[in-house]
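1. Provided below for reference: sequence and predicted model.
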Amino acid sequence: MHATGSRCSDVNLCRRALRVQKVMVDYRGESLPHPEPQLPFACRDVRFFMYEHTTLNHHWLRHCPRFRELRSASQAENTAEVGLHRVLTHHPARTWNASEAGLFYVPIFEYTSNKLKNCSSGGSSHAHLQRLPRGLAESHTARMSAARDALLASPHWHAHGGRDHFWASTAFSAHSYTLERRMAPLSKMLGCSTVGRYKAGPFARPSRVGECVIEIPYQASLHVTRVALELQAKAVYAQQVGPAPSAADLGSKRMGLAAGTASATRSQQKLDGRTKRRLLFFAGSLDVCCTGRQIRCAIGEMLEEREVGEAIATGEILIRPTGGGSCTRRALARLANRSLSSSSSALSAETPTPTLTPTGPRARPGSASSTTPPSSMHVSPGRYVDNGLVELTAYEMASSAWCLCPAGDTCVTSRLYSAVAAGCLPVVLCDQLQGAFPGAVDYSAFWLKVPVKAFLARPASLLRTLRALTANATEMGRRQRALSRARADLLYDLPQSRLGSRFLEAVLGRCLTPALRDRAVNGNSNRTASQAAEALAACMSALQQGRSGAKSGAQGVYVHKAVVAGPGKAPPPDLLEDALACRQRAGLSAR
């Protein structure tokens, strides 16, 4: 025990007081097993099989020398393939018996594999890498070829030509270097499959590879996720025990809250706009092409307004442009012309040669309170990005009430999901943005979508709008509660993420032919009468809530499965009639 008076002297006492579950939210994206406690109804009747052989399951890439570095860089937004594997590995709908499966998951990490390339370089001597088939660790092309050969030898792939197979990649697809080209020769084998991508489309075949595209979230910054979990833990401790403990007292800087618990929800609600240190945050390039070109330049034009300049000078808002394009240069010139010398610490530009002071590979604040942004971060040549700024951004987002999410080259942006991870309400500047799983997540309940035309006409009016909303405690509480509820549907790295179930629901509802859907649902064990009644009740409830027709077109299939006779116990006739009526109300056939 430590000296008397320290409320956090006993690590075990702290853990009990916080009521947290120890979760290893580290830079490998791994955690302790955490099956979803409440499996959504749409997934109860389906089982999926995950390929485990090293040629089709790339989870072993985590042992490569640069994997940890990639997952901690800003380019980690492209590694949702790793996050999806994480949430599906312990998913209760997973079966280890392929004969019971209606869906087949191919956990290939195409982007990670392409970035890491030769895993045997860098002096790695991990035993798992040494046991790999010859050549598999040496090159990305060898891994794609091995995966193709494995699928060609798989009877499960041949059964339906891969139409019941799914995989994911949120990486970009440039005209000169498409997804199809990166995955060759495997891409030809996945032409009929379902793929999770960072947007639903429109995609040309070389950019999607698969036949059906499901929009899934980008990988949110793991730095942001960790910082947000620490803030929640401190908030709960302060409510139940007293002053927030230090990281050393907690015993682990990676201790987090189980998403969805009462304590986690209450603590997230406490971190509203009134308790955040900053009103608005944005860090990113002001020079992009296509959809967001005018929007990003307008952000720079906000600096012409004296009200905005004063807010920057006082630290109320933080705008940190990166790059050195024309819009960025003009924005910095406007600031200089106003002679706001005190804002130099709040507004800065990332130059091609960073001058930050090296303090270690993962610099952290030295004070007891880890919510204080570090003053000096690590910059090392040869890395994917300036990782010091990645971690600095995590602290800045977590301490802001609102995070600006403008369009870039397209409307879809990883900032949306990092803002959700940080507990920072997104301010969306793109009229067409919908977000992943729009039928399951009510984005309008927490984000603020500003019409682009209105923003371009008067960019500075955004500041007054945000001030008015933040001053309304009831409104901010409502939005924060909605954001807290949505986190488990959009983040891969929370202890009880529901993202895996959301993805499976989308695959069943949108991407399978009627025959394959019936096979996926009806190919499993039969239901008893009580289970059929439960399934019917869920269907009727869904219909009453207005989720009929296209939004829950697969519901009727589940009811059809529910009324199949169980072992020796057939559902009563009235239950069968009600189930058929439920199917008809959903706009489905009544067979």
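-> Structure's in. What do you need?
2. In terms of secondary structure, what does the one helix or strand residue 307 maps to contact?
-> Using DSSP states H and E, residue 307 falls within helix 306-313. Packing partners of helix 306-313 (3 or more Cβ pairs under 8 Å, 6 or more residues apart in numbering; DSSP states H and E): strand 317-322, helix 461-471. (Glycine included, C-beta is placed from N, CA and C.)
3. Could you identify which of these has the lowest mean pLDDT?
-> Sorting the helices and strands packed on helix 306-313 by mean pLDDT places strand 317-322 lowest, at a mean of 88.
4. Can I get that strand in PDB? Just the C-alpha atoms.
-> Extracted in PDB, the C-alpha atoms of strand 317-322 (Å, rounded to 0.1, in the frame of the first residue of the first chain):
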ATOM      1  CA  ILE A 317     -11.000  26.400 -31.400                       C
ATOM      2  CA  LEU A 318      -8.000  24.700 -32.900                       C
ATOM      3  CA  ILE A 319      -7.400  24.600 -36.700                       C
ATOM      4  CA  ARG A 320      -4.200  22.800 -37.600                       C
ATOM      5  CA  PRO A 321      -3.600  22.700 -41.400                       C
ATOM      6  CA  THR A 322      -1.200  20.200 -42.900                       C
END
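5. Check which helices and strands that strand is in contact with.
-> Partner elements for strand 317-322 (3+ Cβ pairs under 8 Å, 6+ apart): strand 278-285, helix 306-313, helix 326-337, helix 387-398.
6. Now do the third one, average pLDDT.
-> Pointing back at helix 326-337 there. Across helix 326-337, the average pLDDT comes to 81.
7. Same question for the second one.
-> Taken as a whole, helix 306-313 has a mean pLDDT of 89.
8. May I ask you to confirm that residue 435 is in contact with residue 442?
-> No. Counting by Cβ atoms under 8 Å, residue 435 stays clear of residue 442, with 10.0 Å between them.
9. Who has more neighbours out of the two?
-> residue 435 (22 against 14; other Cβ atoms under 10 Å).
10. Residue 55 contacts residue 134, doesn't it?
-> No. In this structure, residue 55 is not within contact of residue 134 by Cβ under 8 Å, at 11.9 Å.
11. Neighbour count: the two, which is higher?
-> It is residue 55, of residue 55 and residue 134, that has more neighbours when counted by other Cβ under 10 Å, with 21 against 7.
12. Spell out which residues make up each domain of this protein.
-> 33-215, 222-490, 525-585 (automatic domain parsing).
13. Ramachandran angles for the closest residue in space to residue 429 that isn't next to it in sequence?
-> Among residues not flanking residue 429 along the chain, residue 406 sits closest, at 4.0 Å (Cβ to Cβ, 6 or more residues apart in numbering). In terms of degrees, to the nearest 10, the main-chain angles of residue 406 are phi -80, psi 160.
14. Now for residue 435 and residue 442: what residues contact both?
-> Among the neighbours of residue 435, none is also in contact with residue 442 (Cβ atoms under 8 Å, 6 or more residues apart in numbering).
15. low pLDDT regions in this protein?
-> For the chain, the stretches with pLDDT under 70 are 1-45, 122-126, 239-275, 338-387, 522-591.
16. ranges for the helices of the stretch 451-591 of the chain?
-> Along the stretch 451-591 of the chain, counting by DSSP state H, counting those that start in this stretch, helices occupy 452-457, 461-471, 473-490, 499-506, 514-522, 529-544, 555-562, 573-585.
17. again with the stretch 201-350 of the chain
-> Using DSSP H, counting those that start in this stretch, the helices assigned to the stretch 201-350 of the chain run over residues 205-208, 222-240, 247-250, 262-270, 293-301, 306-313, 326-337.
18. Most tightly packed of the ones you listed?
-> helix 222-240 (a mean of 23; mean count of other Cβ atoms under 10 Å).
19. Just list what that helix packs against, helices and strands only.
-> Short answer (3+ Cβ pairs under 8 Å, 6+ apart): helix 222-240 packs on helix 11-18, helix 67-72, helix 262-270, helix 387-398, helix 415-422.
20. if we go to 7 Å?
-> helix 11-18, helix 262-270, helix 387-398, helix 415-422 (3 or more Cβ pairs under 7 Å, 6 or more residues apart in numbering; DSSP states H and E).
21. Pull out the buried positions in the longest one.
-> Spelled out, it's helix 387-398. Buried residues in helix 387-398, counted by 16 or more other Cβ atoms under 10 Å: 387-398.
22. quick one, that helix and strand 278-285 angle?
-> Using axes from the mean of the first three to the mean of the last three Cα atoms, to 10 degrees, the inter-axis angle of helix 387-398 relative to strand 278-285 is 150 degrees.
23. What about the closest residue to residue 95 other than its chain neighbours, how many residues nearby?
-> Ranked by Cβ to Cβ, 6+ apart and with sequence neighbours excluded, the top spatial neighbour of residue 95 is residue 47, at 4.1 Å. By other Cβ under 10 Å, 24 other residues sit near residue 47.
24. Surely residue 47 is in contact with residue 100?
-> Yes. Here residue 47 lies in contact with residue 100, judged by Cβ atoms under 7 Å, at a distance of 5.2 Å.
25. In contact with residue 305, which residues?
-> Counting by Cβ atoms under 7 Å, 6 or more residues apart in numbering, residue 305 makes contact with residue 460.
26. distance of it from residue 459?
-> Distance, residue 305 to residue 459, by Cβ to Cβ, to the nearest Å: 8 Å.
27. Mutual contacts of these two, please.
-> Common neighbours of residue 305 and residue 459 (Cβ under 7 Å, 6+ apart) do not exist.
28. Confirm that residue 104 sits in a strand.
-> Yes. Counting by DSSP: H, G, I helix; E, B strand; the rest coil, one finds residue 104 located in a strand.
29. Excluding chain neighbours, give the residue nearest to it in space.
-> residue 165 is the one closest to residue 104 (Cβ to Cβ, 6+ apart), at 4.6 Å.
30. mind checking which helix or strand the closest residue to residue 433 other than its chain neighbours is in?
-> Nearest in space to residue 433, with sequence neighbours left out and distances taken as Cβ to Cβ, 6+ apart, is residue 411 at 4.2 Å. Using DSSP H and E, residue 411 sits in no helix or strand.
31. Give me the angle between the helix holding residue 307 and helix 461-471.
-> 60 degrees.
32. Can you show me the CA trace of helix 306-313 as PDB?
-> C-alpha atoms of helix 306-313 as PDB (Å, rounded to 0.1, in the frame of the first residue of the first chain):
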ATOM      1  CA  ARG A 306     -12.100  38.600 -36.400                       C
ATOM      2  CA  GLU A 307     -14.400  36.400 -34.300                       C
ATOM      3  CA  VAL A 308     -12.700  33.200 -35.500                       C
ATOM      4  CA  GLY A 309      -9.300  34.700 -35.000                       C
ATOM      5  CA  GLU A 310     -10.100  35.600 -31.400                       C
ATOM      6  CA  ALA A 311     -11.400  32.200 -30.800                       C
ATOM      7  CA  ILE A 312      -8.200  30.700 -32.100                       C
ATOM      8  CA  ALA A 313      -6.100  33.000 -30.000                       C
END
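33. Brilliant, that's me finished.
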